[in-house]
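Colleague: Give the three-dimensional model of this entry:
(one chain, ligands or ions: 1)
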Amino acid sequence: MGKVYAFPSPEDRAQIKDAIAACANWKISQNTMNCIIANVLQERRIKKLVVENFIVRYIGNIITLAGVFPVVTIKATQKAAGDACPACGHRGGGYLRGDEVMTVFCNRCGGVYEVEAEAIG
Ligand SMILES: [Zn+2]
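Modeller: Numbering: from 1, shown residues only. From the prediction side, this is the model:
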């Protein structure tokens, strides 16, 4: 019989959300966020996880002279019509990543969504 791994728990999802919130508010680096997310997924032996309205995916590691860096993607499932959060209408979410299309964390409802760069300003 193979080893049985626990399914992702609400605590796993909370840990991922906390890491994303901290990164969006400049409390931890993007690499630290990626490490936290990668660790959660690796502990559960999964490659991706749906967390509320976004999906995190662990792609693998980049090995450089400066160290080993996990590559993690965060895919929002909702897109803002302008620059306001599509779930709660709050404006001015925390930047996570992206350029022309940015992935943003909402500090009011905790959702993750996409914003077109030209909708800001
Ligand atoms: Zn919101």
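
Colleague: Write down the beta-bridge partners of the most centrally placed residue in the chain, one by one.
Modeller: For the chain, the residue sitting closest to the mean C-alpha position, by CA atoms, centre = their mean, is Ile74 at 4.2 Å. Beta-bridge partners for Ile74, by DSSP bridges, are Val56.

Colleague: Give me the distance between it and the ion.
Modeller: 16 Å (CB to the ion, to the nearest Å). In this view, the C-beta of every residue, glycine as well, is placed from N, C-alpha and C.

Colleague: quick one, what contacts that residue?
Modeller: 20, 37, 54-56, 96-97, 103, 112 (CB atoms under 8 Å, 6 or more residues apart in numbering).

Colleague: distance of it from Glu114?
Modeller: Between Ile74 and Glu114 the distance is 10 Å, computed by CB to CB, to the nearest Å.

Colleague: shared neighbours, the two?
Modeller: With CB under 8 Å, 6+ apart as the test, Ile74 and Glu114 both reach Thr103.
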